[in-house]
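> coords please:
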Amino acid sequence: MRQESTPTRHEPGTLLFDPSTNKVGEYRDRVGPYVMLRPVGGGREWQADPALLRPATTRERLSAGVRAANDRSQTPPPPDPEDMRRPPAPVPGCATCDELDRLRQAARAAHDRSAETDANVLLRQHRREEHRP
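Presented below is the predicted three-dimensional model:
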C-alpha cells in the first residue's frame, strides 16, 4: 500500500529539477495535485508531479542559467526577402526593376492601392524569375 507523504512547500522562484522532462524549472505555484514550473529566464510553464521533484543541483542551476542567457543573446534572423508584408526592393541597376518601382511609386502617389499591389506582385515575380541564383 502506497503511503502519502506530506507535500513539500516551496517558495516561488525556487529552482527544482523535474526528471520527467529532464529540465530545471522555477517553482511558480501549486495547481491541484501538480505544481507549475517555468523555464529559467521565462517561457511556457508546465505541470509537474511534486513527488518527483527535487532541488536542482548547483551544476543544474548554472546550466539552466547559461541556457537562458544564450537564448536571450540570440539575434533574430534577418527578415525574409519574400515577406509579403514588405514591398519588394528593386535590384540596383536592373531596368525592369526600376520601371516597376516607378509604376509602384506613381500608383502610391495617386493613392491607387490596387495598382500599387499589382506593381509589387510584378516586381516580386520578376525578382524570382530574373534575379534568383
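
> okay, now the domains of this structure?
Using automatic domain parsing, the domain ranges for the chain come out as 15-71, 95-130.

> how about CSV for those, with distance to R9 added?
Backbone N, C-alpha and C define where each C-beta goes, glycine included. What follows is the domains of the chain, written out as CSV (distance: least, C-beta to C-beta, whole Å):
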stretch, distance to R9
domain 15-71, 8
domain 95-130, 59
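
> can you redo these as JSON lines with mean pLDDT, mean neighbour count and distance to D83?
Written out in JSON lines, the entries for the domains of the chain read as follows (pLDDT from 0 to 100; neighbours: other C-beta atoms under 10 Å; distance: least, C-beta to C-beta, whole Å):
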{"stretch": "domain 15-71", "mean pLDDT": "93", "mean neighbour count": "15", "distance to D83": "24"}
{"stretch": "domain 95-130", "mean pLDDT": "94", "mean neighbour count": "15", "distance to D83": "11"}
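
> remind me, longest strand of the chain?
Counting residues, the longest strand in the chain under DSSP state E turns out to be strand 23-31.

> that one packs against which elements?
Helices and strands touching strand 23-31, by 3 or more C-beta pairs under 8 Å, 6 or more residues apart in numbering; DSSP states H and E, are strand 15-18, strand 34-39, strand 46-48, helix 58-73.

> now those in JSON lines, with distance to V24?
As requested, the helices and strands packed on strand 23-31 are arranged in JSON lines below (distance: least, C-beta to C-beta, whole Å):
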{"stretch": "strand 15-18", "distance to V24": "6"}
{"stretch": "strand 34-39", "distance to V24": "8"}
{"stretch": "strand 46-48", "distance to V24": "11"}
{"stretch": "helix 58-73", "distance to V24": "4"}
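
> nearest to A107, of those?
Between A107 and those, the shortest gap by C-beta to C-beta is with helix 58-73, which sits at 42.5 Å.
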